[in-house]
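[1] sequence unknown, structure follows:
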DNA sequence: CTTGAAGCTAATGCC
DNA sequence: TAGCTTCAAG
């Protein structure tokens, strides 16, 4: 099959091949046509990378005649994969493209482990633990190893373990090379942590990759099957792969060497996820036959924008020189401007977006606001609501991170895999059912001593109670006054009397769920659980803290139900497993709805790979970009610079670099300095400083009521007056009543009712928003 | 012993 | 701002 493509110059096959290559520049053409052996594509931003990859795949399938089944394209996000599939569907038709493998390393590995993980002792129903779950397991591991979480930060240890796995360092190897006392502690925790994962039949994100690597390493026959299956391997965003991902790619391509990697060292922004740019250098070492193609023409951005971006990136020392040759001409310079604070910044941007739409033929969806941290999105949301501009917020409060969503998912996981300790611990007391921390601790301890799961321990406790207890309605609880601990064959069960009935009920719930998991659809299981535990009632009586009230939380659960129903067409056990896997591997940016009309609000990291006619890069301040936490290491600073470069190069026609003079940090607001990256934008590439620098006067802040009204939800506005909240005891002055002392300050509808004892005029109740009160 | 509320502290990025 | 720990009440 590898030779057929040589015939494309023949008359019969030439025309489709030529049609496929038409419109590509020589470098792109070469990247598409060079099908034999390893290929490294070093590509700048906007160089038509995705086009090259999709055309290459189309070439393989249509011209060479490779079965799409045998092509595996690994991209960085599910979204990129989806985009690739859509492009391929257009090039190849849905039938052929539907059979291609295109996804993230994580998704690919999950599938492989689901299928062949048994070879390394993995249960088919393994759960995937996310970062929060890892943290929960680690806390327990700390406890079991008697490590003080105050002396050793759980997060830091998690990062160390994660890094180890990303670099193919297993527990044993870690122990062997542990140098410091700290390393030895981490080693102990690492070992315990892995044991706990095994117990829970769980793998974390890093394990997905690492265990697949081990599977291939220890079972050449399994690897051989996948080598035959994936004859052609493509890796996009190669600069962001880590050691284990690259190792996997090498394993898969080990036999046929048909590997094509595409990357841009200047866009490496994931070193904190252990990405290693050196993979690009190692590639040439590991595949000496590799051909290198450079794509340096930029089709995306106008010369002004490229000049500006280039000015920023060339200041990096650790860098492979690469040109950016603009294909476009004309355009307008970069606009650099300053606002007073983050609200004005948002307001200025949103007005400018509106102006672009009215005067210059842009649509809202042509524009994007890019920022360093998610917390920056809020003022922009508010400004959009105020000006009635539709917006698309990409993953600020990630849907799957919401408490209520995680709770519901934990129940589902537990239904499929009762050994899942993290999920069990999560739902044991949600909603509260009379089982508290003490009982939970005792159960876990006892389960460990018995060598069984906590769920099993609960069943045993419940079982030891049921003989003298009728179906859990009172009789049992009253009858067991004398002994304070129940006893079974294995010895003492240390369960406080108060929790026994609750445990029996919970045991019964677990059994029902397990039964449901094997014969019902994900949606049915979910509904059963929600109904059974009274989850809706639980949410609705939750206090509306901060921005979320019970209704909204329940809405989120409804959204999860909708997602569950999408996985409900598969036969029962697989349906639930598939759903849970999707939930674990999907990220919020994957459902960025391109069809929807609206301004995009997105982090710089998430913006990678996207493009917009107009980009507003906001928060161009020291401490944000570059971020404070990156400022003490030169390497991390260079990464911040690349991040800035990535942001700037998302723009096709307009680029705005915006900063706020003051910004709220921790409670208070403080002055900020302009980002050092601004200094590196060549003056010729920007509008004259000062021309647009003065911002519009600020309008009054939106009250909650206005916000709610603008959001069109009609839900009661939450109490957050623009004046500072009052507390009992505060001294105030009223225009008419004079001075007095605040007696109480309470929410009342959308407002606050404040009761004041005036020195001269007695006690008055006032509506806070309209009362001419001044705090003294 | 469990629960709910109040107070405190620390704050990127994401599969 | 939220997540956590501490504290007081049932």
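    Everything's here; your move. Note that this is a predicted model, so its numbers are computed, not measured.
[2] where does the stretch 1-150 of chain A dip in pLDDT?
    Low-confidence segments of the stretch 1-150 of chain A, defined by pLDDT under 70: A:1-14.
[3] how close does residue A:193 get to residue A:58?
    Noted for residue A:193: a distance of 45 Å to residue A:58, by Cβ to Cβ, to the nearest Å. Quick note: C-beta positions are derived from backbone N, CA and C, even for glycine.
[4] which one of the two has more residues nearby?
    residue A:193 (24 against 21; other Cβ atoms under 10 Å).
[5] close enough to count as contact, that one and residue A:142?
    No - if you go by Cβ atoms under 8 Å, residue A:193 and residue A:142 don't touch, sitting 9.3 Å apart.
[6] so in chain A, where's the weakest helix or strand by average pLDDT?
    Lowest on mean pLDDT, DSSP states H and E among the helices and strands of chain A sits helix A:475-479, with a mean of 35.
[7] average pLDDT for stretch A:383-393?
    Throughout stretch A:383-393, pLDDT has a mean value of 91.
[8] that stretch and DNA strand B, any residue contact?
    No - on the criterion Cβ under 7 Å from any atom of the strand, stretch A:383-393 is out of touch with DNA strand B, staying 11.5 Å away.
[9] for that stretch, measure first residue to last.
    With Cα to Cα, to the nearest Å as the measure, stretch A:383-393 spans 13 Å from end to end.
[10] so residue A:417 touches residue A:125, yeah?
    Yes - assessed by Cβ under 8 Å, residue A:417 is found in contact with residue A:125 at 5.0 Å.
[11] which residues are in contact with the closest residue to DNA strand B within the stretch 151-300 of chain A?
    Proximity of the stretch 151-300 of chain A to DNA strand B (Cβ to the nearest atom of the strand) peaks at residue A:272, 3.2 Å away. By Cβ atoms under 8 Å, 6 or more residues apart in numbering, residue A:272 lies in contact with residue A:639.
[12] SS state for residue A:756?
    strand (DSSP: H, G, I helix; E, B strand; the rest coil).
[13] DNA strand B contacts on the stretch 301-450 of chain A?
    Contact residues (Cβ under 7 Å from any atom of the strand) of the stretch 301-450 of chain A with DNA strand B: A:372-375, A:395, A:429, A:432-439, A:442.
[14] what's the PyMOL syntax to select whichever of these are buried?
    Paste this into PyMOL to select the buried members of those, with burial taken from 16 or more other Cβ atoms under 10 Å:
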select buried, chain A and resi 372+374+395+429+433+435+439+442
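[15] the helices in the stretch 101-250 of chain A, which residues?
    For the stretch 101-250 of chain A, helices defined by DSSP state H, counting those that start in this stretch occupy the ranges A:105-116, A:131-144, A:154-166, A:171-177, A:181-199, A:205-218, A:220-229, A:243-253.
[16] TSV for those, including distance to residue A:262?
    Shown next, in TSV, are those (distance: least, Cβ to Cβ, whole Å):
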stretch	distance to residue A:262
helix A:105-116	15
helix A:131-144	28
helix A:154-166	21
helix A:171-177	31
helix A:181-199	34
helix A:205-218	20
helix A:220-229	21
helix A:243-253	12
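[17] for DNA strand C, find the nearest of those helices.
    Comparison of these against DNA strand C by Cβ to the nearest atom of the strand identifies helix A:131-144 as nearest, at 7.2 Å.
[18] what angle separates that closest one from helix A:154-166?
    Angle between the axes of helix A:131-144 and helix A:154-166 is 110 degrees (criterion: axes from the mean of the first three to the mean of the last three Cα atoms, to 10 degrees).
[19] by contact count, what packs against helix A:131-144?
    Helices and strands touching helix A:131-144, as assessed by 3 or more Cβ pairs under 8 Å, 6 or more residues apart in numbering; DSSP states H and E, comprise helix A:154-166, helix A:181-199, strand A:202-204, helix A:421-427.
[20] where does residue A:672 land on pLDDT?
    Confidence score, pLDDT, at residue A:672: 86.
[21] okay, it and residue A:661: tell me how far apart.
    When residue A:672 is compared with residue A:661 (using Cβ to Cβ), they lie 7 Å apart.
[22] over to residue A:543?
    Counting by Cβ to Cβ, the gap from residue A:543 to residue A:661 is 37 Å.
[23] OK, contacts around residue A:622?
    Taking Cβ under 8 Å, 6+ apart, one finds A:631, A:672-676 in contact with residue A:622.
[24] neighbouring contacts of stretch A:184-195?
    Against stretch A:184-195 from outside (Cβ under 8 Å, 6+ apart): A:137-138, A:141-142, A:144-145, A:147, A:152, A:157, A:160-161, A:164, A:171, A:174-175, A:178.
[25] grab the nearest non-local neighbour of the residue of the stretch 351-500 of chain A found nearest DNA strand C.
    Residue of the stretch 351-500 of chain A nearest DNA strand C, by Cβ to the nearest atom of the strand: residue A:403 (6.5 Å). Among residues not flanking residue A:403 along the chain, residue A:553 sits closest, at 7.8 Å (Cβ to Cβ, 6 or more residues apart in numbering).
[26] any stretches of the stretch 551-700 of chain A with poor pLDDT?
    For the stretch 551-700 of chain A, the stretches flagged by pLDDT under 70 are A:587-594, A:666-668, A:688-700.
[27] now do the phi/psi pair for residue A:463.
    Backbone torsions for residue A:463, taken as degrees, to the nearest 10, come to phi -60, psi -40.
[28] do residue A:658 as well
    According to degrees, to the nearest 10, residue A:658 has phi -120, psi 140.
[29] residues contacting the residue nearest to it when sequence neighbours are not counted?
    If the residues on either side of it in the chain are set aside, residue A:658 comes closest to residue A:618, at 4.6 Å by Cβ to Cβ, 6+ apart. Contact analysis of residue A:618 by Cβ under 8 Å, 6+ apart lists A:345-346, A:349, A:369-371, A:376, A:380, A:658-660.
[30] quick one: residue A:618 from residue A:389, how far?
    Applying Cβ to Cβ to residue A:618 and residue A:389 gives a distance of 15 Å.
[31] repeat for residue A:445
    For residue A:445, the distance to residue A:389 (Cβ to Cβ) stands at 56 Å.
[32] more crowded one of those two?
    The neighbour count for residue A:445 versus residue A:389, taken as other Cβ under 10 Å, is higher for residue A:389 (18 against 14).
[33] ok, that one - contacts?
    A:350, A:353-354, A:364, A:383, A:598-599.
[34] which of the residues you listed fall within helices?
    Of the contacts of residue A:389, the ones assigned to helices by DSSP state H are A:350, A:353-354, A:383.
[35] hmm, which of those residues is lowest in pLDDT?
    Among the ones in helices among the contacts of residue A:389, residue A:383 carries the weakest pLDDT, at 92.
[36] neighbours of that residue, how many?
    For residue A:383, using other Cβ under 10 Å, the count is 26.
[37] touching, it and residue A:342? I think so.
    No - using Cβ under 8 Å, residue A:383 is not in contact with residue A:342; the gap is 9.9 Å.
[38] quick one: contacts for residue A:426?
    A:136, A:406-407, A:410.
[39] redo that, cut-off 7 Å
    A:407, A:410 (Cβ atoms under 7 Å, 6 or more residues apart in numbering).
[40] thinking again about what came up before, can you say which of the contacts of residue A:618 are buried?
    Neighbour counting by 16+ other Cβ under 10 Å classes A:345-346, A:349, A:369-371, A:376, A:380, A:658-660 among the contacts of residue A:618 as buried.
[41] these also near DNA strand C: which ones?
    Contacts with DNA strand C within the buried ones among the contacts of residue A:618, counted by Cβ under 7 Å from any atom of the strand: none were found.
[42] could those be laid out in CSV, adding secondary structure?
    Below are these laid out as CSV (three-state DSSP):
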residue, secondary structure
A:345, helix
A:346, helix
A:349, helix
A:369, strand
A:370, strand
A:371, strand
A:376, helix
A:380, helix
A:658, strand
A:659, strand
A:660, strand
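[43] as CSV, these with distance to residue A:18 would be great.
    CSV is the format used below for the buried ones among the contacts of residue A:618 (distance: Cβ to Cβ, whole Å):
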residue, distance to residue A:18
A:345, 51
A:346, 50
A:349, 46
A:369, 42
A:370, 39
A:371, 45
A:376, 48
A:380, 47
A:658, 46
A:659, 50
A:660, 53
